[in-house]
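[1] any chance you could fold what I've pasted below:
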Amino acid sequence: MLELAILGFLAEGSLPGHELRRRVSQLTGYTRPVSDGSLYPAISRLAKAGLLERCADPGAGAARYVLSLTDAGRTELLNRLRKPADHEITDFTRFFTVLAFLSHLPDVSEQHAVLRRRLEFLEEPASFFYDGDRPLRAEEVPDPYRRGMLLTARAISSAERAWLHRVLDGGEPTENASFPLDEPAS
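    Model prediction:
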């Protein structure tokens, strides 16, 4: 997902490494902090594969680089967005990384195909806790903290499914839309 985030942010314009690191860290948040030990090797792999270019930043000295997406990098980004791996659909944090860059797909039907995969996953019965193969509902779990996990997950899933239905049913614009936010998401 780190590589997808790098490609996605560079699709929006060239960036110096430190700015790219800041944006990736903001996207992944506190759950998956981005270290230099993971970011810079990922940048090197992508550069070696011809997906991005590193050019010296003339205004920042010899040690600073500006990173740019190549045509091959843009193609790779679009391919990854069109066909995310199953674990990128089922894992909440990974899916949010896909979702952050899904608008780069020029075809709304391709965007919706990805959203339908996520919705299908969310509509399958699941739980963190099971009785054999049967998922347990929050009301069946005596431990208050585990019940809290299930209630929180249910609320998040319900809100996400409602949003997905609105988008897929045409109730929420997906093309060239920009919405002012009153406050940042927390």
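
[2] what packs against the lowest-mean-pLDDT helix or strand in the chain?
    Across the helices and strands of the chain, mean confidence by mean pLDDT, DSSP states H and E is lowest for helix 17-28: a mean of 88. If contacts are counted by 3 or more C-beta pairs under 8 Å, 6 or more residues apart in numbering; DSSP states H and E, helix 17-28 sits against helix 2-11, helix 36-48, strand 65-69, helix 92-101. The way it works is simple: take the backbone N, C-alpha and C, and place the C-beta from them, glycine included.

[3] swap the cut-off to 10 Å and go again
    Under the contact definition 3 or more C-beta pairs under 10 Å, 6 or more residues apart in numbering; DSSP states H and E, helix 17-28 sits against helix 2-11, strand 15-16, helix 36-48, strand 65-69, helix 92-101.

[4] next, the buried residues of the longest helix along the chain.
    As assigned by DSSP state H, the longest helix anywhere in the chain is helix 144-168. Under the neighbour-count criterion of 16 or more other C-beta atoms under 10 Å, helix 144-168 has 147, 149-150, 160, 164, 167 buried.

[5] the most centrally placed residue in the chain and residue 58, how far apart?
    With distances taken as C-alpha atoms, centre = their mean, the residue of the chain nearest its centroid is residue 97 (0.7 Å). Plainly put, residue 97 is 32 Å away from residue 58 if you go by C-beta to C-beta, to the nearest Å.

[6] could I get the helices and strands packed on helix 17-28 as CSV with mean pLDDT?
    Putting these into CSV (pLDDT from 0 to 100) gives the following:
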stretch, mean pLDDT
helix 2-11, 95
strand 15-16, 92
helix 36-48, 90
strand 65-69, 93
helix 92-101, 93
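
[7] domain-wise, how is the chain divided?
    Domain assignment for the chain by automatic domain parsing gives 2-79, 82-168.
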